[in-house]
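Asks: Sequence plus predicted model, see below.
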Amino acid sequence: MAGMLYSLVALGFVLIYKASGVFNFAQGAMVLFAALAMARFSGWVPGWLGIEDKFLGNLIAFVLAGALMFVLAWLIERLVLRHLVNQEGVTLLMATLGITYFLDGLGQTIFGSDIYQIDVGMPKDPIFLFEGTFEGGVLVNLEDVYAACVAALLVAVLSLFFQKTATGRALRAVADDHQAAQSIGIPLNRIWVIVWFVAGITALVAGIIWGSKLGVQFSLTTVALRALPVIILGGLTSVPGAIIGGLIIGVGEKLSEVYLGPYVGGGIEIWFAYVLALVFLLFRPQGLFGEKIIDRV
Amino acid sequence: MFYRENGQFKTSYRADQQIFPIAQDRWVILAFIAFAFIGVPMLADEYMFRAILIPFLILALAALGVNILVGYCGQISLGSGAFMAVGAYMAYNTYVRIDGMPVIIALLSGGFFATLVGMFFGIPSLRVKGLYLAVATLAAQFFCDWAFLRIGWFTNNTASGSVSVSNLAVLGWTIDTPVEKYLFCLGFLVVFTLLAKNLVRSAIGREWMAIRDMDVAAAVIGIRPMYAKLSAFAVSSFIIGVAGGLWGFVHLGSWEPAAFSIDRSFQLLFMVIIGGMGSIMGSFFGAAFIVVLPIFLNQFLPAAGALVGVEISTAAVSHTEFMVFGALIVWFLIVEPHGLAKLWSLGKQKLRIWPFPH
């Protein structure tokens, strides 16, 4: 089930990479930032507005955090990306690392650096699935099931958005070829804002789910690093790749820990995913579903 | 007016191929090195040595190594912290396990093992490049973090997981005061800089640059990509490994794997980018910038807060430090994407024609 959550974070990476060719290291910081915002807003909103109902409070907090992510997306486009058009990939990578530091600092300055809880009312009882299908069934955490459903829903909505709406088509056009898209009148800057906003929303959702599992704290940023092998495995440019890669990594990590871990002293979860992705790269450099890389002189 | 090469005729190939063909450059650099060896030990106080100068020298050495790989050969690596760790731990093991092992040999053996690890994790570079490679090298980072934390052999089975060295001595010269440590690191830095400078302007350096500029085209004109890329990984991780050994032995004294975490890798990459990719000088500028900036912010922010009458708590200072650091990096990338080394060469160009406009 962790795999589903990796997919969520990986999705944010893929979205931004597809649309702007930027490898966004700040995704982890965005997850933390969004989760912090959500946690604090849901704590503050009932006090400000006098709302007793928990669901309504959470909803307003979600909308507020979403709005914050939009402002953030706009600022990033305005202040950073706009000035770095046509720079090399590594420069942009460094810029997103700069954004990472900035967001880490900003989030903790505004929202404080304690550990917060997000309580969106997800039940935490373990249940048995598929009891009818085979004997004993599968013991899972109900929370994980919900999380997986949310992730699936988000992916479905996103694919609909990409495939069916005009904006989605514009996004795909930009992803395909910046210049061609610009020449037929697609405003590049607005598209970037939208992409970063969508990535922000995925970060928010991922932040809420991780946050309600682990508590909102600084270590959430490392989730992004755990999600990197996912996109390598699935391919940097592929949305389905991110999801399937996430599942493979999630399952592989746990299986390796259980079956291989005892022989080498445990804790191999941390690097197993990376080594898996590495071995994979040797045989299929573009990832499972990535576009074939063609070099021309 | 003063900085012109008019009248400096070169009558032999040797004269034409020296590192600093302009006489003024030669003198300035020599004077600078002399100042670093003689002047600085007399002027700087102990805090300067401990907090700024020694970290600067060691990180400049590491940045030099990263620059060879990233700046000259174009292979983005996020595993530099891991190579430093390998250098430090293997130097420690050679030093502790073999009786009477000289410090310098131990450090170099740390570099040697870092070379092996670097080449191993450089193998994916033959298949992938750019951002994929950056992520692939992260594997080295996480694997080494784990290995030095979990495998007891590397830490000589110490219970706490941290290792320490003491009583460093080279040929009867005991290195224990900050000044001596500074000179020891400076010696390493000067020697390696000279080697690196000569490497990058020789045939192999030109091969690296050809690979960086376009690897397919380089392969077409007969450069072996495997040889070029792996040799860049080897040289770079050797230097990084020695720097890691110095960092552990000289700067920290006792250390844990956390000293070489992924943040270190990012920090080194920042140095290279901010200093200037593909420039030896840039590595020094970048290292100086990254070492001094946090210290400066740390001192400056509370003072600035007191000036406007705001008491800034320690936590707020560290958060603001993060913010300012991030913002400065972004700002830097926007105004000078080619790094400080570019400013340096622009300045030299200006100086050359001064006081005339062109």
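Replies: Nice, I can see it. Numbers count the residues shown, from 1 in each chain, chains lettered A, B, ... in the order given.

Asks: any residue of the strand or helix carrying residue B:289 up close to chain A?
Replies: Following DSSP states H and E, one finds residue B:289 within helix B:280-307. No: using Cβ under 8 Å from any Cβ of the partner chain, helix B:280-307 stays clear of chain A, coming no nearer than 10.8 Å. No exception for glycine: its C-beta is placed from N, CA and C like everyone else's.

Asks: buried ones in that helix?
Replies: B:280-291, B:293, B:297, B:301-302, B:305 (16 or more other Cβ atoms under 10 Å in any protein chain shown).

Asks: Beyond that helix, next helix or strand please.
Replies: helix B:314-335.

Asks: got the CA coordinates for the helix or strand hosting residue B:84 in CSV?
Replies: Assessed by DSSP H and E, residue B:84 sits inside helix B:80-97. Extracted in CSV, the C-alpha atoms of helix B:80-97 (Å, rounded to 0.1, in the frame of the first residue of the first chain):
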residue,chain,number,x,y,z
SER,B,80,29.5,12.6,-3.9
GLY,B,81,28.7,12.4,-0.2
ALA,B,82,28.9,8.6,-0.4
PHE,B,83,32.3,8.7,-2.1
MET,B,84,33.5,11.0,0.7
ALA,B,85,32.2,8.5,3.2
VAL,B,86,34.0,5.6,1.5
GLY,B,87,37.2,7.6,1.5
ALA,B,88,36.8,8.5,5.2
TYR,B,89,35.9,5.0,6.4
MET,B,90,38.4,3.1,4.3
ALA,B,91,41.1,5.5,5.3
TYR,B,92,40.1,4.8,8.9
ASN,B,93,40.2,1.1,8.4
THR,B,94,43.6,1.1,6.7
TYR,B,95,44.9,3.4,9.4
VAL,B,96,43.6,1.4,12.3
ARG,B,97,44.0,-2.1,11.1
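
Asks: how far is the helix or strand following that helix from where the chain is centred?
Replies: Per DSSP H and E, the first helix or strand lying C-terminal to helix B:80-97 is helix B:103-122. From the chain centre to the centre of helix B:103-122 is a distance of 15 Å (Cα atoms, centre = their mean, to the nearest Å).

Asks: Tell me the buried residues in helix B:103-122?
Replies: Going by 16+ other Cβ under 10 Å, helix B:103-122 has these buried residues: B:103-104, B:106-115, B:117-119, B:121-122.

Asks: which strands and helices sit next to it?
Replies: helix B:80-97, helix B:131-150, strand B:169-170, helix B:225-246 (3 or more Cβ pairs under 8 Å, 6 or more residues apart in numbering or on different chains; DSSP states H and E).

Asks: Show me where the stretch 1-150 of chain A has its strands.
Replies: A:126-129, A:138-141 (DSSP state E, counting those that start in this stretch).

Asks: what's the least confident stretch among the ones you listed?
Replies: When the strands of the stretch 1-150 of chain A are compared by mean pLDDT, strand A:126-129 comes last with a mean of 56.

Asks: So which bits of the stretch 101-250 of chain B are right by chain A?
Replies: B:123-124, B:127-128, B:130-132, B:134-136, B:138-139, B:142-143, B:145-146, B:149-151, B:214-217, B:220.

Asks: Can you flag the buried ones in these?
Replies: Buried among those by 16+ other Cβ under 10 Å: B:123-124, B:127-128, B:130-132, B:134-136, B:138-139, B:142-143, B:145-146, B:149-150, B:215.

Asks: Stretch A:163-181 and chain B, are they touching?
Replies: No: using Cβ under 8 Å from any Cβ, stretch A:163-181 stays clear of chain B, coming no nearer than 15.5 Å.

Asks: So what would you say the end-to-end distance of that stretch is?
Replies: 17 Å (Cα to Cα, to the nearest Å).

Asks: which of the residues in that stretch are buried?
Replies: Within stretch A:163-181, judged by 16+ other Cβ under 10 Å, the buried ones are A:168, A:170, A:171, A:173, A:174, A:175, A:178, A:181.
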